[in-house]
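Can you look at this prediction? I've put the sequence above it.
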Amino acid sequence: MSTDRGLTMGREGFFCVLLLITTAAAYSTSVATLTAKSGDAGVISDFTKRLSNPPRSWVRGGDVCSGTFVGITCDVSGRITGINLTDKGLSGTLTLFLSSLGALEILDLRTALPKIIEMDNLPLQPWLIPNTIAKCTALQIFSASNTSIIGALPAELANLKSLTILWLSYNYLRGSLHAWLAELSSLEILGLDNQMSDVKLSGNLDVLGSLKSLKELWIQSNLFSGQIPDFNNSQLQVLNLTDNMLTGLVPSSLIDLESLQSVQLSNNLLQGPWPVFPTGVIVDIVSGNRFCLHVPGPCDPQVSILLDVASGFGFPIELAQTWAGNSPCNGSWVGIVCRGIIVVAINLSGQNLSGFISPAFANLSMLERLDLSKNQLKRVIPKALTILTHLRFLNVSNNDLSGLVPRFNSRAEVVTEGNPLLSPNSKSNVLMIGVIVGSTLAGVVILLLLAWLCLHIWKKRNASGPALETQVSTHMTTGTIDSTHQSLTTQCTDAACQSLSHVEKLPINVLTNATNNFDENMILGKGGSAVVFKGVLNDEPVAVKRFNSDTMSTKQAKEFINEIDVVGKLSHRNLVKLLGYCIHNNERLLVYEYMPAGTLWERLKPSDHMPLTWAQRMMISLDVARGIEYLHGMNQQAFIRDLKPSNILLDQDLRAKVSDFGLIKTAENKSSTSSKAVGTFGYLAPEYAGLLAFKRNLNRFSKSSAMPSLPPIVNQAILSPHAFKKYFALSYFSPPLKDSNLYKDLEIRALIAMGELSTKVDVFAYGVVLMEIITGRKAIDESLPDDGKFLAPIFKTKVLDKEKFRDIVDPALELNDEDWDTLLEVADLAHHCTALEPRHRPGMHNCVTILSNMVDQWKPTVVGCEKGETSSMGLNQLVDKWIEKDLTTSGWKKEDNTTSGSESD
């Protein structure tokens, strides 16, 4: 029977199941094989079993074409051509196997329409639910899971007023849930879960709140977004929303729903406080959301305010992805700028926001700047924003706002263009004109007053000496203020130190109290120049870095202030955030966010902690790469020079942040590298290790009367800077010896390296960190013999032989075949990162690209690719690409590459 013939027959005597059957079967090539019986007689026999009151003449085993089977007509070949059971009072379900009646021309059931259609798990070819299903008004159950249905849910389903169960799981449905779904007032069970197309079902769930008879809702594993609707008027018992993209707070109406028995919400982007359901409700919300805490309890007040702000925008996915946790000042909240732990600026320009501007912004009392430009915001500018006394800048340009512009304080710059329906406040115009005229007339007077004031302050300072820090702790003994402290505080009064306004300055007594007077029991770690204490500020744990209180020179004081300035401006989720600082007498303290899971090395070495899984190590590797990539990509390019596992800290979720930025140096100052050996041997790049060793020994020899002359080999090295790289390779991995006879060797090492300090120094150290992550070993293990002491050369040798390489992989790792393949790729990346030639090492953006492809979270574009193109290159292709790029950008010619092309790293 052809599709056209089937549809024509439907117009003469419609029945709903046949329409579904013929629609599905017309696209299927294998339906006829589904029944275990052969021939038309078997189909009728199967059909008879599904009817609760079959015609009496339909005798099992009889000849269906004998003429005794009421309602059945056949052709001369013995094939059934017609079934007419009009007004026979039949009930039951129809079988899909009727579609195998290849000669069937007429099927008339009219008043015998079925109430149940069950056709699950049939291997059909893709098919659409026909629009004519609207005539199945008596249908109560429609279940067609895993039957290859495609397209959107047809609006004609709204006509099935008697429908109680609609179950269409494991198909290829797409599109959204439209308002017509609310017309299914009898619907009790809705199953649309696990759609298998790429786009799946999407959009919001608002219409589901109108289904008053709903008892079970199964829509997991789709792409639904927006907020969980209000089910307060339903009879909901079972709710499964896992693996979607839902945002916002879990509504209290759902938590308080008396009929609720089971709720599953994992793997969404839900925010706010951890929801607490009544005892007896089965709950699954343990993973994949963005709650402010991992235990029940209220969110931080600023977090609650920002969530109110997000509600005005409809809780967009873009914000939910980063607005997570209980500290908006941790550097990961997109668009949020803090001074210490206080939100002072919000920049959400061009974030494709819709909705309206929430009055909740007014609850951020210290807010100074707010930029909401270039979005699709509607309604009015809330008058509540005018109470923000610290507001200096408000930009709402290029939106769809309407109404009057409220009158803000005269110090606030308000930008509103690009909102055709927005009307300026007439009083505001008058005020603005007055301000402009008044400012113009008084300009000269103000300038003169400022000049006089500056002169007065300058004279007063010269008369009374440098300004001194006056905050004194009751826990500190007072005494004479030495000249060094005067130098430090003088530094803090000049113009350069005014840039520290973005970092909160804390009194010494606050930090003394926070650390219990620097109690030794509060020590988190010790370094060569500082001790880190755990402290508590505003009921939140912090890390307080207390530098040794030696007398500081003016240069040291200036370096400390510069460190605060550089680090305080950094904001990235994978960098430890500087929260504040304190300068008092010789005390220098920095306050950082607290990382509860300690350092990466503490998790790698054998301990009471559970060993890190390979998935966790991969995520940590990517986190570190992203943090360094951010530093290298700053306008004033920066590099760390002392990257190692003890400077990589982990939060409660074992996500990594790079710390110890006291060693950051901006690229513009790299020519003034200190002769002090900054860094840790075992992680130092060859060019940097040689440079430091050379400077250290040069300083020592320069103080003696006998300064050795340069040997001939040095001159040869200068003429051919790459000739001896391989010869001195192993010495790069070991610390320089103090024997003065090695002066010439150290000098050669430095000259061969050409003294070049770049971001590739951090790439080398990152490669060594990857080696430690893979092996669980230290970069230098003094407990081992000399031939096994240094990890890097052993790793780089063994990685070339995959079988021998297994010997050095951390035995605590449990790896399947897929994990092992990924580990080998990371090992190759570590090998390239530790190449002797800086130009043969990848950039950190290359590392992020490779690792993120493995983690499968995001794929940044490859350098040189067209915008928007993602990398599908293999590692070797990427290596060739970044080397080619570095050769081009650094001025190397193609023939230069042949000189070192045979070098083996």
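Cool, got the structure. Numbers count the residues shown, from 1 in each chain.

Which residues are in contact with Val532?
523-526, 543-546 (CB atoms under 8 Å, 6 or more residues apart in numbering). C-beta here means a position set from N, CA and C on the backbone, and glycine is covered the same way.

Now with 7 Å, please.
524-525, 543-545 (CB atoms under 7 Å, 6 or more residues apart in numbering).

Inside strands: which ones of these?
Among the contacts of Val532, the ones falling in strands (DSSP state E) are 524-525, 543-545.

From those, which shows the smallest pLDDT?
Looking at those by pLDDT, the weakest one is Gly525, with 85.

Now it: closest residue in space, sequence neighbours ignored.
Val532 (4.8 Å; CB to CB, 6 or more residues apart in numbering).

List phi and psi for the one you found.
Main-chain torsions, Val532, degrees, to the nearest 10: phi -110, psi 120.

okay, now the domains of this protein?
1-114, 151-160+173-294, 301-428, 483-594, 676-757 (automatic domain parsing).

and of the contacts of Val532, the nearest to Leu214?
For the contacts of Val532, the closest approach to Leu214 (CB to CB) belongs to Ala543, at 50.1 Å.

how close does the residue nearest to Gly525 sit to Asn363?
34 Å (CB to CB, to the nearest Å).

same deal with Glu818?
For Glu818 relative to Asn363 (CB to CB), the value is 49 Å.

These two: which has the busier surroundings?
Asn363 (18 against 9; other CB atoms under 10 Å).

Need the nearest residue in space to that one, chain neighbours excluded.
Ile305 (4.6 Å).

Tally up the residues packed near that neighbour, please.
Ile305, neighbours per other CB under 10 Å, totals 21.

And for Phe277?
17.

what does Ile640 give?
For Ile640, the count of nearby residues is 26 (other CB under 10 Å).

now it, nearest residue through space, not along the chain?
Using CB to CB, 6+ apart, the nearest residue to Ile640 is Asp762, at 5.3 Å.

looking at this, the one you found is in a strand?
No: Asp762: not assigned to a strand; according to DSSP: H, G, I helix; E, B strand; the rest coil it is helix.

And Pro596, what's its pLDDT?
Taking Pro596 on its own, its pLDDT is 91.

And the spatially closest residue to it that is not a sequence neighbour, how close does it get to Lys526?
Distances taken as CB to CB, 6+ apart put Gln652 closest to Pro596, at 5.2 Å, once the chain neighbours are dropped. Gln652 is 24 Å from Lys526, where distance means CB to CB.

May I ask which helix or strand encompasses the nearest residue to Trp614 once chain neighbours are set aside?
Excluding the flanking residues, the one nearest Trp614 by CB to CB, 6+ apart is Asp819, at 4.7 Å. Using DSSP states H and E, Asp819 falls within helix 817-833.

for Asn53, same thing?
Going by DSSP H and E, Asn53 is not in any helix or strand.

Need the three-state assignment for the residue nearest to Asn363.
helix.

pLDDT score for the closest residue to Val503 other than its chain neighbours?
Excluding its sequence neighbours, the residue lying closest to Val503 (CB to CB, 6+ apart) is Gly568, at 3.6 Å. For Gly568, the pLDDT comes out at 79.

ok, Gly568 - how many residues close by?
Gly568, neighbours per other CB under 10 Å, totals 23.

what does Val510 give?
16.

in a strand, that's where it is, yeah?
No: Val510: not assigned to a strand; according to three-state DSSP it is helix.

how far away is it from Gly340?
From Val510 to Gly340 the distance is 11 Å (CB to CB).

and Asn240, what is it in contact with?
Here Asn240 is in contact with 193, 217-218, 220, 264 (CB under 7 Å, 6+ apart).

ok, what's across the strand from it?
Trp218, Gln264 (DSSP bridges).

and it, how far is that from Gln321?
For Asn240, the distance to Gln321 - CB to CB - is 23 Å.

Ok, Pro301 next?
Taken as CB to CB, the span from Pro301 to Gln321 is 22 Å.

Provide the strand pairings for the helix or strand containing Cys338, with the direction of each partner.
If you go by DSSP H and E, Cys338 is part of strand 336-339. Here strand 336-339 is paired, per DSSP bridges, with strand 342-347 (antiparallel).

Outside of the partner strand itself, list whatever touches it.
302, 328-329, 335-338, 364, 366-371.

How about stretch 592-612?
Against stretch 592-612 from outside (CB under 7 Å, 6+ apart): 330, 534, 541-543, 545, 576-579, 620, 645-646, 648-652, 654, 656-657, 772-773, 776, 812.

and the spatially closest residue to Pro316 that is not a sequence neighbour, how many neighbours does it have?
Nearest residue to Pro316 in three dimensions, chain neighbours excluded: Leu353, at 6.2 Å (CB to CB, 6+ apart). By other CB under 10 Å, 22 other residues sit near Leu353.

show me the contacts for Leu353.
Contacts of Leu353 (CB under 7 Å, 6+ apart): 313, 316, 375-377.

Kindly report the same for Gln220.
Contact analysis of Gln220 by CB under 7 Å, 6+ apart lists 193-194, 240-243.

How about Ala134?
Contacts of Ala134 (CB under 7 Å, 6+ apart): 156, 159.

Which pLDDT value does the model give it?
80.

did I read that right, it in a helix?
Yes: according to three-state DSSP, Ala134 belongs to a helix.

Would you quantify the distance from it to Glu156?
Note on Ala134: its distance to Glu156, by CB to CB, is 4 Å.

Equivalent analysis for Thr834, please.
Taking CB to CB, one finds Thr834 at 65 Å from Glu156.

what about the two, which has more around it?
Thr834 (27 against 16).

Surely that one and Lys796 touch.
Yes: Thr834 is within contact range of Lys796, at 6.5 Å (criterion: CB atoms under 7 Å).

follow-up on the earlier one: the residue nearest to Asn363: what's it in contact with?
360, 363-364.

tell me which of those is nearest to Tyr630?
Leu364 (26.0 Å).

Bridged to the closest residue to that closest one other than its chain neighbours, which residues?
Among residues not flanking Leu364 along the chain, Val343 sits closest, at 5.4 Å (CB to CB, 6+ apart). Here Val343 sits in beta bridges with Cys338, going by DSSP bridges.

For Val343, give its distance to Leu370.
In terms of CB to CB, Val343 sits 10 Å off from Leu370.

all strands of the stretch 51-200 of the chain, in order?
72-74, 80-84, 106-108, 116-118, 141-143, 150-151, 165-167, 172-173, 189-191 (DSSP state E, counting those that start in this stretch).

I'd like these laid out as JSON lines, including distance to Phe231 and mean neighbour count.
Written out in JSON lines, the entries for the strands of the stretch 51-200 of the chain read as follows (distance: least, CB to CB, whole Å; neighbours: other CB atoms under 10 Å):
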{"stretch": "strand 72-74", "distance to Phe231": "49", "mean neighbour count": "18"}
{"stretch": "strand 80-84", "distance to Phe231": "44", "mean neighbour count": "19"}
{"stretch": "strand 106-108", "distance to Phe231": "41", "mean neighbour count": "19"}
{"stretch": "strand 116-118", "distance to Phe231": "27", "mean neighbour count": "18"}
{"stretch": "strand 141-143", "distance to Phe231": "23", "mean neighbour count": "19"}
{"stretch": "strand 150-151", "distance to Phe231": "28", "mean neighbour count": "15"}
{"stretch": "strand 165-167", "distance to Phe231": "17", "mean neighbour count": "19"}
{"stretch": "strand 172-173", "distance to Phe231": "22", "mean neighbour count": "19"}
{"stretch": "strand 189-191", "distance to Phe231": "12", "mean neighbour count": "20"}
